[in-house]
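1. please find the sequence and the predicted model below.
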Amino acid sequence: MGSHLLLATPSGPVDASLARFGLRGKGAVKVAPGQQIEITGVMKTIKDKQVFLARTVKAGGQVYRIRNEHGIPVSPQARERASRKTAGEGL
């Protein structure tokens, strides 16, 4: 359930879960087929299937926060609040 990316890695394909909002809403991950990306997270077995639960995705020079430090998915509203806060720090 939720957004997924199928990653091609040297050890074979990996199903990366971007949670419910990873590819939706404000601050959604923007990637193109074949694009090189960097993902941090943890591999888990869910319903007898290996899934990589993404915490952050780095693509095109941008870092997208998918889950917080406790593994809870970050909503589009939370991403928007965080981006406003970060933008305000530069003023």
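-> Nice, I can see it.

2. direction included, what does the helix or strand that contains residue 16 pair against?
-> Element membership for residue 16 (DSSP states H and E) is strand 12-17. Each strand that pairs with strand 12-17, with its direction, by DSSP bridges: strand 4-9 (antiparallel), strand 49-59 (parallel).

3. what sits against residue 72?
-> Neighbour list for residue 72: empty [criterion: Cβ atoms under 8 Å, 6 or more residues apart in numbering]. Every C-beta, even on glycine, is put in place using the N, C-alpha and C of the backbone.

4. please pull out the lowest mean pLDDT helix or strand from the protein.
-> Ranked by mean pLDDT, DSSP states H and E, the weakest helix or strand in the chain is helix 76-89, scoring a mean of 70.

5. circling back: pick the most deeply packed of the strands paired with strand 12-17.
-> Of these, the one with the most neighbours on average (mean count of other Cβ atoms under 10 Å) is strand 49-59, at a mean of 17.

6. now the following helix or strand past it: buried residues?
-> Following strand 49-59 in sequence order, the next helix or strand is strand 62-65 (DSSP H and E). Neighbour counts using 16 or more other Cβ atoms under 10 Å place 64, 65 of strand 62-65 among the buried residues.

7. go on, stretch 77-84?
-> 78, 79.

8. so how far is that stretch off the chain centroid?
-> Mean-position distance between stretch 77-84 and its chain equals 15 Å (Cα atoms, centre = their mean, to the nearest Å).

9. ok, now stretch 33-48?
-> Distance, centroid of stretch 33-48 to centroid of chain: 9 Å (Cα atoms, centre = their mean).
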